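In: A predicted structure for the sequence below; I have some questions about it.
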Amino acid sequence: MSDSQQESKNKRSIYKEYVEPFLIAAVIALLIRQFVVQAFKIPSASMVPTLRVGDHLLVNKFIYGPRIPFTDTRIFAGKEPKRGEIIVFRFPLDEGKDFIKRVVGVPGDKIQIRNGRLLINDAPVPLVELG
């Protein structure tokens, strides 16, 4: 075997040993992040004391139905969000920002803020001391 053939064989061996497994792992990680679970870091104090600035959470992306990448179209419908659940969504006025918030109303609810109090269907929501 000539030196150039041996060198070519060594390059293929390096590719199969290092590059190929890395590429496969990267594709699997991207698929998991896109369709199954994604990590988020809490950027602000809006959810204190439940979630603090810097806290990390893993979001189950499968539960509400995975989306087709780069669209808002769901591959299949999952469950609907329920009152009290924490959800992550893109801010409508800036698609580059993710918002992490608690669901206070569901379809059909009448939501109001009156004198600084939250009302759902004209009934005040009781304040709960968390901390």
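Out: Now that the structure is in, tell me what you want to look at.
In: tell me what the longest strand along the chain is packed against?
Out: Longest strand in the chain by number of residues (criterion: DSSP state E): strand 94-102. Based on contacts counted as 3 or more C-beta pairs under 8 Å, 6 or more residues apart in numbering; DSSP states H and E, the elements that strand 94-102 packs against are strand 86-91. C-betas here are computed from N, CA, C, even on glycine.
In: State the mean pLDDT of the longest helix anywhere in the chain.
Out: Longest helix in the chain by number of residues (criterion: DSSP state H): helix 20-35. Regarding helix 20-35, the rounded mean pLDDT is 93.
In: hang on, the earlier thing: run the angle between the longest strand of the chain and strand 86-91 for me.
Out: Using axes from the mean of the first three to the mean of the last three C-alpha atoms, to 10 degrees, the direction of strand 94-102 lies 160 degrees away from that of strand 86-91.
In: In CSV, list the C-alpha atoms belonging to strand 94-102.
Out: Output in CSV follows, covering the C-alpha atoms of strand 94-102 (Å, rounded to 0.1, in the frame of the first residue of the first chain):
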residue,chain,number,x,y,z
ASP,A,94,-40.8,40.1,19.3
GLU,A,95,-40.6,36.5,18.1
GLY,A,96,-37.0,36.3,19.4
LYS,A,97,-38.1,36.5,23.0
ASP,A,98,-39.4,33.6,25.0
PHE,A,99,-41.9,34.4,27.8
ILE,A,100,-42.3,32.1,30.8
LYS,A,101,-45.6,32.7,32.5
ARG,A,102,-48.4,31.1,34.5
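In: Tell me which residues are up against that strand.
Out: Contacts of strand 94-102 from elsewhere in the structure, counted by C-beta atoms under 8 Å, 6 or more residues apart in numbering, are 40, 42-43, 46-47, 50-51, 57, 84-91.
In: No further queries at this time; thank you.
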